[in-house]
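>>> build the 3D model from these lines:
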Amino acid sequence: MTKRHVTLPESAEAGVRGFIDEVDERLASDEDTCRVVKEVLIDLHGDRDAYESWQNGEPVSNAERVRLQSYDPCNSTLESEYYAEKDEEKFRTSKHLQWLWRQFDATPMADNVEFALRFREMLANHLFEEAGENLRIFKGVSMTYGHNISVGDNTVIHDDVHLDDRGKLTIGNRCSISDNVHIYSHDHDITDQTDVTNFHTIIEDDARVTYDAMVRAGMKIGKDAVVGARSVVQSDIPAHHIAVGTPAKSIKIKPGWEDEAAPLDDIPPTEKESRRIDYELPKDFEQFDEFQRTLGSSE
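Take a look at the predicted model:
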C-alpha cells in the first residue's frame, strides 16, 4: 500500500463533521437551494458582517457590491448556461450546486484535504446523477453541468481534472483519474464549430487515466485499462490494455490478462456512433452564433 490513514484532531473533526452534515441536511430539504448556497458561501468567505451591513443599506463600493452579490448563484452565470441543448429544469439546481463547488475551491479550506474531500463527496451526492461511496475528488475539478455524471465506488479524481458532461459521462468503480486529465462528451463539427454532437463517454471499472491525458467524446476505456500520460484517446481502449501516444494506441496487455484480453492484433472497432446522444431544440428557439460568421464557400 502507498497510503496511510490520516485523521484530524478531534476538536477539528467535530467542526468539520457538523458543518458538512448541516449543509447536507439543508440541501436535502425543501429549502431554496440558491439561498443555501448564498449563505454557506458568505460564511465560508468570512463576509457575514459586510453582507448584512450592505443589506441594511450601508454604502459599499461597486467592487464590494459585486463581490457580495456574487455569493448568490442567481446573480452569476456559467459557461454551460449558454449551451442551447441543456436541460433547463435540471440546470436550475445543478448551477447552484456547481457554483458552491467552484467557490468553495476558491477558499483556503479547499486545501484541507480531509475536510475538502468529504465536502465534495457530499456535494457530489446532490449534484451528480450518481455518486458512489468513498468518492475522493481533489481541488480544481470542473464540470459542464454535473447532473450528467455518474461515478462509482472508491474512485479518485485528482487535481484540475475537467469532466465534460454536456452529453453523458460514466466513470466506474475503483477508477483513477490523474491530474490535469480532460474527459469530453461533446464534439464540434469540423466545418461549423457551432454544430455540437453529444455522446456518452465511458470509463469502466478499475481503469486508470494518467497525467495530462485527454479522452475524446464517445470513447470507452475498458475495464482495468491504462491510458498513458499526455495521451489522446480517439478510439476505444479494450479491457486490460495499456494505451499511449497521440492518438493513443494499445502497446501491450497488462501482465496476467493475456488470455482474457483482446489480442493486440485483433482489437475490436470503436463504437462511438452507438453512443451518440441526439437532441432537438425547441422550434421557437432563437439560436445565437457567437462567431457571427457566414459559413460555406467564399465564392
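
>>> C-alpha from now on. contacts and neighbour counts both.
Will do.

>>> got a list of what Leu163 touches?
Neighbour list for Leu163: Val141, Ser142, Met143, Thr144, Leu169, His182, Ile183, Tyr184 [criterion: Cα atoms under 8 Å, 6 or more residues apart in numbering].

>>> what's the answer for Val232, then?
Neighbouring residues of Val232 by Cα under 8 Å, 6+ apart: Ala213, Met214, Val215, Arg216, Val244, Gly245, Thr246, Pro247, Ala248.

>>> the third one contacts Arg230, correct?
When you say that, I think you mean Val215. No: the pair Val215 / Arg230 is not scored as a contact, 10.3 Å apart, by Cα atoms under 8 Å.

>>> continuing past the longest strand seen in the chain, what's the next helix or strand?
When the chain is parsed with DSSP state E, its longest strand is strand 196-203. Next along the chain after strand 196-203, taking DSSP states H and E as the criterion, comes strand 208-209.

>>> and stretch 259-277, how far out from the chain middle?
Distance of stretch 259-277 from its chain centroid, counting by Cα atoms, centre = their mean, to the nearest Å, is 26 Å.

>>> which other residues reach it?
Counting by Cα under 8 Å, 6+ apart, 167, 197-201, 218-219, 235-236, 238-241, 250-253 sit against stretch 259-277.

>>> do the same with stretch 4-13
Taking Cα under 8 Å, 6+ apart as the rule, stretch 4-13 contacts Glu114.

>>> what about it, average pLDDT?
Stretch 4-13 shows a mean pLDDT of 88.

>>> just to revisit the earlier point, between Val215 and Arg230, who's got more neighbours?
Val215 (26 against 19; other Cα atoms under 10 Å).

>>> contacting residues for Gly140?
Contacts of Gly140 by Cα under 8 Å, 6+ apart are Arg102, Asp105, Asp159, Asp160, Val161.

>>> change it to 7 Å
Contact analysis of Gly140 by Cα atoms under 7 Å, 6 or more residues apart in numbering lists Asp105, Asp159, Asp160, Val161.

>>> sorry, back to before: what comes up buried for the longest strand of the chain?
Thr197, Asn198, Phe199, His200, Thr201, Ile202, Ile203 (16 or more other Cα atoms under 10 Å).

>>> picking up where we left off before, dump the contacts of Val232 into TSV; add distance to Ala261, secondary structure and pLDDT as well.
Formatted as TSV, those follow (distance: Cα to Cα, whole Å; DSSP: H, G, I helix; E, B strand; the rest coil; pLDDT from 0 to 100):
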residue	distance to Ala261	secondary structure	pLDDT
Ala213	23	coil	98
Met214	23	strand	98
Val215	21	strand	98
Arg216	23	coil	98
Val244	17	strand	98
Gly245	20	coil	98
Thr246	22	coil	96
Pro247	21	coil	97
Ala248	17	coil	98
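
>>> out of those residues, who's nearest Asp278?
Nearest to Asp278 out of these is Arg216 (Cα to Cα; 17.4 Å).

>>> my guess is that closest one meets His188, correct?
No: under the criterion of Cα atoms under 7 Å, Arg216 makes no contact with His188, lying 11.1 Å away.

>>> quick one, strands of the stretch 51-200 of the chain?
Here the stretch 51-200 of the chain has its strands, by DSSP state E, counting those that start in this stretch, at 130-131, 136-137, 142-143, 149-151, 156-157, 162-163, 168-171, 176-177, 182-183, 186-188, 196-203.

>>> just checking, what packs against the last one?
Judged by 3 or more Cα pairs under 7 Å, 6 or more residues apart in numbering; DSSP states H and E, strand 196-203 is in contact with strand 168-171, strand 186-188, strand 220-221, strand 276-277.

>>> just those: most buried one?
strand 220-221 (a mean of 27; mean count of other Cα atoms under 10 Å).

>>> distance between it and the chain's centre?
So, by Cα atoms, centre = their mean, the centroid of strand 220-221 is 17 Å from its chain's centroid.

>>> what is that strand packed up against?
Counting contacts by 3+ Cα pairs under 7 Å, 6+ apart, strand 220-221 packs against strand 196-203.

>>> strands paired with the strand it packs on, and their directions?
strand 168-171 (parallel), strand 186-188 (antiparallel), strand 220-221 (parallel), strand 276-277 (antiparallel) (DSSP bridges).

>>> show me what the mean pLDDT comes to for the longest strand of the chain.
If you average the pLDDT over strand 196-203, you get 97.
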